[in-house]
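Q: after the sequence you'll find the predicted model.
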Amino acid sequence: MIKGKTVVLGVTGSIAAYKAAELASQLTQAGARVEVIMTEAATQFITPLTFRNITGRPVVTKMFELASEFSVEHVALAEAADVVVIAPATANTIAKIAAGLADDMLSCTVLATKAPVIVAPAMDVNMWENVVTQQNLARLKERGFTIVGPGYGRLASGKMGLGRLVDIGEIMGAISQVLGKRSGDLCGKHIVVTAGGTQEPLDPVRCLTNRSSGKMGYAIAEAARDRGAEVVLVTAPTALPRPYGVQVVEVTTAQQMYEAVREAVKGADVLVMAAAVADYRPKEAAESKIKREKAATLTVELERTPDILGEVRGNFLRVGFAAESEDVIANAKEKLRRKQLDLIVGNEISAVGAETNRVVLIDKTDEVEQLPLLPKREVADKILDRVVRLLSS
């Protein structure tokens, strides 16, 4: 949703101003037109030339700067913006925009724009905790501003506490979500996604699991968020960071995932089961650690886990995955019919843990679409393109 959009990036006088260069770079690489406004204090930490080289656009630093194409009509930037992002946002800037001041180009743009505004605070912990700052932030939230962060960690003062600018990935997630809410093709939809490989305990230390990384499910959750959907991600353990703006429900076992999904789909429009759910679990888990010295061999009796896709039904689209070692299309079609799914995504097991995936999409009309090898995020959007078609049919 970022490609082709105009993002006005406000940079203020914080030590974290250098991180705004990375944000400008990621936005530019994503296809956005990035218009940077710097406060006078920001120029003391990083030069306008840095942002000009990154974005290929002139940088505005003064209200009536003759070199700027926006100098005559200083509200033009406000009107051009699809979203305004202030990162980092100092306590001073937050106070100014909360009070409705317009004494520099950034505060003037915020006051004049009808675009959504995202604020990423960065300041010392004492300033963050000050009651005035909290009142200013509450006022901005009431006006519909999105506040992202701050993060916890070591600050420029040497103290530990809240006040760090959040990771750039989190700000990018917020931008994508805000833009998706305005024009996404899944706006107003409620989508439940599962991800990761469940773990079935053998004893307090060991478990039966699989090599699923959760990357495909997380990519689908993020793509659905970016297209305007309200997303619930039911995830087994993974090493992946939580996606911004997604409700995350953490589970471990197949039984826990079954119960979480059954609850999450109430009122849902779509269920996407991308998780690698264990088919079997130990019938009984040992209460204490199993010692290898007690026996030369170990026999474990297994029992079936709940069939989540087979048992969870309702008035929503059901999308399944079929990871196969052979005959991908035939096996995927059989699973589609057996579980009465609306769409199934078939792929070879070699994709487990990889950054890319080659999949085949099959719907209940038997329409087969084979996709080339793509990054998993692109695969996620292809899957959601089909979901959008099915929702509108």
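A: Happy to help now that I have it.

Q: start and end of stretch 24-40, how far apart?
A: End-to-end distance for stretch 24-40, by C-alpha to C-alpha, to the nearest Å: 18 Å.

Q: chain center to it, what's the gap?
A: In this view, stretch 24-40 has its centroid 20 Å away from the chain centroid, taken as C-alpha atoms, centre = their mean, to the nearest Å.

Q: these two touch, right, residue 9 and residue 36?
A: Yes: counting by C-beta atoms under 8 Å, residue 9 does reach residue 36; the two are 4.9 Å apart. Any C-beta I mention is one placed from the backbone N, CA and C, and that applies to glycine too.

Q: ok, these two, which is more surrounded?
A: Neighbours per residue, other C-beta atoms under 10 Å: of residue 9 and residue 36, the larger number sits with residue 9, 28 against 25.

Q: beta partners for the more buried one?
A: Counting by DSSP bridges, residue 9 forms beta bridges with residue 36, residue 85.

Q: got a list of what it touches?
A: Neighbour list for residue 9: 20, 23, 24, 27, 34, 35, 36, 37, 51, 85, 86, 87 [criterion: C-beta atoms under 8 Å, 6 or more residues apart in numbering].

Q: ok, now how distant is it from residue 33?
A: Applying C-beta to C-beta, to the nearest Å, one obtains 11 Å for the distance of residue 9 from residue 33.

Q: so where is the chain shaky, pLDDT-wise?
A: With pLDDT under 70 as the threshold, the chain has low-confidence stretches at 65-74.

Q: contact partners of the host helix or strand of residue 248?
A: For residue 248, the element it lies in under DSSP states H and E is strand 247-250. Outside strand 247-250, the residues within contact range by C-beta under 8 Å, 6+ apart are 230, 231, 232, 233, 234, 235, 237, 242, 260, 264.

Q: most neighbours out of the contacts of residue 9, which is it?
A: The most crowded member of these, judged by other C-beta under 10 Å, is residue 20 (31 neighbours).

Q: give me every residue that touches the residue nearest to that residue when sequence neighbours are not counted.
A: The spatial neighbour of residue 20 that comes closest, neighbours along the chain excluded (C-beta to C-beta, 6 or more residues apart in numbering), is residue 11 at 4.6 Å. If you count contacts by C-beta under 8 Å, 6+ apart, residue 11 has them with 17, 20, 36, 37, 38, 39, 42, 46, 51, 86, 87, 88.

Q: so which helix or strand takes in the residue nearest to residue 108 when sequence neighbours are not counted?
A: Once flanking residues are discounted, residue 108 sits nearest to residue 102: 4.1 Å by C-beta to C-beta, 6+ apart. In this structure, residue 102 sits in neither a helix nor a strand according to DSSP H and E.

Q: next, count neighbours for residue 102.
A: Taking other C-beta under 10 Å as the neighbour definition, residue 102 ends up with a count of 18.

Q: do residue 177 as well
A: Residue 177 is flanked by 25 other residues according to other C-beta under 10 Å.

Q: helix/strand/coil for it?
A: Each residue gets one of three states, and residue 177 gets helix by DSSP: H, G, I helix; E, B strand; the rest coil.

Q: I figured it was touching residue 226, is that so?
A: Yes: distance between residue 177 and residue 226: 6.7 Å, which falls inside the contact criterion (C-beta under 8 Å).

Q: so how far is residue 358 from residue 372?
A: 7 Å.

Q: next: residue 274.
A: For residue 274, the distance to residue 358 (C-beta to C-beta) stands at 16 Å.

Q: who has more neighbours out of these two?
A: Counted by other C-beta under 10 Å, residue 274 and residue 358 do not tie: residue 274 has more neighbours, with 26 against 17.

Q: for that one, which non-adjacent residue is spatially closest?
A: residue 217 (3.6 Å).

Q: and for the one you found, the neighbour number?
A: If you count neighbours by other C-beta under 10 Å, residue 217 ends up with 28.

Q: now it: which helix or strand?
A: Judged by DSSP H and E, residue 217 forms part of helix 215-226.

Q: what's the following helix or strand after that helix?
A: Tracing the chain past helix 215-226, the next element assigned as helix or strand by DSSP H and E is strand 230-235.

Q: counting by contacts, list what that following strand packs against.
A: Counting contacts by 3 or more C-beta pairs under 8 Å, 6 or more residues apart in numbering; DSSP states H and E, strand 230-235 packs against strand 190-195, helix 215-226, strand 247-250, helix 254-264.

Q: of the ones you listed, which approaches residue 81 most closely?
A: Closest to residue 81 of those, according to C-beta to C-beta: helix 215-226, at 18.5 Å.

Q: and the closest residue to residue 31 other than its chain neighbours, helix, strand or coil?
A: Setting aside the residues directly before and after it, residue 31 is nearest to residue 3 in space (C-beta to C-beta, 6+ apart), at 3.3 Å. Three states are possible here, and by three-state DSSP the one that applies to residue 3 is coil.

Q: just checking, residue 3 touches residue 33?
A: No: under the criterion of C-beta under 8 Å, residue 3 lies out of contact with residue 33, with a separation of 10.0 Å.

Q: those two: who's more crowded?
A: More neighbours surround residue 33 than the other of residue 3 and residue 33, with 18 against 9 (other C-beta under 10 Å).

Q: how close does the more buried one get to residue 378?
A: Following C-beta to C-beta, the distance that separates residue 33 from residue 378 is 22 Å.

Q: try residue 358
A: If you measure residue 358 against residue 378 using C-beta to C-beta, the figure is 11 Å.

Q: please identify which of the contacts of residue 11 is nearest to residue 192.
A: residue 87 (30.9 Å).

Q: confirm that that closest one sits in a strand.
A: Yes: with three-state DSSP as the criterion, residue 87 is assigned to a strand.
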